[in-house]
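**Q** Provide a 3D model corresponding to the input given below.
(chains A and B)
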Amino acid sequence: MKVLIVDDSAVMRKIVMKALMEAGHTDLVEAADGKEALSKSGDVDVVFTDWNMPVMDGLTFVKEFRKGSNVPVVMITTEGGQKEVLEAMKSGVTDYIVKPFTPSILVSKLESLIKK
Amino acid sequence: MSSNIVANENLIQDFIDVTEEVLSTMASFEIKAVEVQEINANGHSKDVTACFDITGILGFSGGRKGSLLISFPRNIAFGAVGGMLGIEFTEIDADVRDGVSELVNMIAGGAKTKLQAKGIDFELSIPNTVIGQQHQITAGASATRTRVDFDSDLGSFFIEVNLKED
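**A** Presented below is the predicted three-dimensional model:
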């Protein structure tokens, strides 16, 4: 199970990676923006992505990614309003986590996607 | 908690609630708001904020305009970001700077969600950090500035909410 973590914050990537690794998910790839994520997304099984990022934001990344992949994408973001959630879902996001979040939420989202 | 008369009391309470939630959830760092003061109240206009050692700042644009800043003494920044990552810090390095940026980002995002539900909308800028002992930050002259001081086991820090009137 290869997981791609996309966030311009190195600290946030580390928080996500720590939570996943402690749950036994160790095949992890990092990207700092949507453009880098597209170049690393060829063989991943699940994507966790931030929304607000420089170079290419998360929404644009998901739209581009969806042109060639049905892999689940979980948006992790501070943008938790109804308008934003709807926009993300319409763009092809599979599931949504609003910051702040606990490690258990992150792991349960991943494991529920694996079961599907 | 003591407070002066604050024009946007309901809005400020949302920022207080989110600040407490973000630090508790992400860093297991328990804090409590102890004082709320409107800085330019009573006709006294002070447009410079004296900050601690590291400050995260983020602008609001679009609908309601303004900014949010959170300012920490170094030991509290180490405690908060260390709690997020499960490691100890002894200097303000790239992770501490990034962690403080992420904290102000999460607080602003959480407040935005709560305020949207009240019909107040705005967009968030990319957060930045300012570092240096006793640095100062200047707010826009027309903003209503509210400072909230928090206490923790490691000491005190504050957030400042600057909102321009519609």
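**Q** list the beta-bridge partners for the residue nearest to the spatial centre of chain A.
**A** In chain A, the C-alpha nearest the mean C-alpha coordinate belongs to residue A:48, at 1.3 Å (C-alpha atoms, centre = their mean). Using DSSP bridges, the bridge partners assigned to residue A:48 are residue A:5, residue A:74.
**Q** isn't it up against residue A:76?
**A** Yes - Residue A:48 sits in contact with residue A:76 when judged by C-beta atoms under 8 Å, with a separation of 5.5 Å. All C-beta atoms are positioned from the backbone trio N, CA, C, and that covers glycine.
**Q** SS state for residue A:86?
**A** helix (DSSP: H, G, I helix; E, B strand; the rest coil).
**Q** which helices and strands does the longest helix seen in chain B pack with?
**A** Scanning chain B for the longest helix, with DSSP state H as the assignment, gives helix B:94-116. Taking 3 or more C-beta pairs under 8 Å, 6 or more residues apart in numbering or on different chains; DSSP states H and E as contact, the helices and strands that helix B:94-116 lies on are helix A:10-22, helix B:9-27, strand B:54-61, strand B:66-72, helix B:74-85, strand B:123-124, strand B:128-131.
**Q** CA atoms only for that helix, dumped as CSV, please.
**A** Extracted in CSV, the C-alpha atoms of helix B:94-116 (Å, rounded to 0.1, in the frame of the first residue of the first chain):
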residue,chain,number,x,y,z
ALA,B,94,12.8,25.3,10.0
ASP,B,95,10.4,22.9,11.7
VAL,B,96,9.5,25.3,14.5
ARG,B,97,9.0,28.1,11.9
ASP,B,98,6.9,25.8,9.8
GLY,B,99,4.9,24.5,12.8
VAL,B,100,4.0,28.0,13.9
SER,B,101,2.9,28.8,10.4
GLU,B,102,0.7,25.7,10.3
LEU,B,103,-0.8,26.6,13.7
VAL,B,104,-1.9,30.1,12.6
ASN,B,105,-3.2,28.5,9.4
MET,B,106,-5.3,26.0,11.2
ILE,B,107,-6.7,28.6,13.7
ALA,B,108,-7.6,30.9,10.8
GLY,B,109,-9.1,28.1,8.8
GLY,B,110,-11.2,26.9,11.8
ALA,B,111,-12.4,30.4,12.5
LYS,B,112,-13.2,30.9,8.9
THR,B,113,-15.5,27.8,8.9
LYS,B,114,-17.3,29.1,12.1
LEU,B,115,-17.7,32.6,10.7
GLN,B,116,-19.0,31.3,7.3
